[in-house]
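Undergrad: Here is a sequence with its predicted model. Questions after.
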Amino acid sequence: MISSTTQNLIHDFRQLGLQTGDLVLFHSSLRSIGQVIGGASAVIEALLETVGEQGTVAVPTIIHTSGYPREPFEVASRPSEVGAITEALRLHPQAMRSIHPTHSVAAIGPLAKELVGGHENAYGAWTPWGAQAFGTGSPWDLFYRWNARYLFIGVSFQVCTLFHYAQTRYLAKHQCNYAQPIPFPYFSHEKMGEKLKEELQLKPGYIGAAES
């Protein structure tokens, strides 16, 4: 098995089109990349070097809602439950994390403070995770409004958390047509992913062994 170094990963990220100064949100599977010298932390360092000091790197640090009762959310200590790389970024000394009990985001870079700082004060349509989760002013809203790069490393659109933001926007748009609250809409992640592939020029490539 070929091992990936930080420099190998930087090359792969640049081949995918990431540039200095980018704001990048990503989902990932460390296992899919193959052997990485330095593990999950090396992936973070490679991304940070790719976007440079002007760029910002962000990950979801989601807490699953299954298995109640769960202990109270503590922003500084509650581990991410969506992969080793997200946890490595959360633990990075420069990382900042938003305050939300299920759909928090951690980020490093010049936009990090503004990106994560107002999550608990976000507002908008009610979702199964509260009005703040994907509301106006949430990190998920800012990713959209700031036109962030969205990177998938060895994972499919099935884990596309930003689809929940689309659902929230859809609900807010159509709720005004009804006197009574309407249900939170169900979208198929797979079908939405296929539609994105049809309508957008998504750039495929590999990060290590991971189709990305």
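TA: Perfect, I can see it now.

Undergrad: now the helices for this protein?
TA: Assigned by DSSP state H, the helices in the chain fall at 6-16, 30-33, 39-51, 84-91, 112-116, 139-145, 162-175, 189-199.

Undergrad: now these in a markdown table, with distance to Ala133 and mean neighbour count?
TA: Bear in mind the C-beta positions are built from the backbone N, C-alpha and C, glycine included. Output for these, formatted as a markdown table (distance: least, Cβ to Cβ, whole Å; neighbours: other Cβ atoms under 10 Å):
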| stretch | distance to Ala133 | mean neighbour count |
| --- | --- | --- |
| helix 6-16 | 29 | 18 |
| helix 30-33 | 26 | 18 |
| helix 39-51 | 25 | 20 |
| helix 84-91 | 17 | 22 |
| helix 112-116 | 13 | 20 |
| helix 139-145 | 8 | 21 |
| helix 162-175 | 7 | 17 |
| helix 189-199 | 17 | 12 |
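
Undergrad: Of those, which is nearest Gly124?
TA: Gly124 sits nearest to helix 162-175 of all those, at 5.9 Å, using Cβ to Cβ.

Undergrad: mind checking how far the closest one is from the chain centre?
TA: Relative to its chain's centre, helix 162-175 lies at 17 Å (Cα atoms, centre = their mean, to the nearest Å).

Undergrad: Test my guess that Gln94 contacts Pro110.
TA: No - taking contacts as Cβ atoms under 8 Å, Gln94 lies outside contact range of Pro110: 10.8 Å.

Undergrad: the more surrounded of these two?
TA: Under the neighbour definition other Cβ atoms under 10 Å, Gln94 and Pro110 were set side by side, and Pro110 has more, 14 against 11.

Undergrad: List the residues that contact the more buried one.
TA: 53-54, 56 (Cβ atoms under 8 Å, 6 or more residues apart in numbering).
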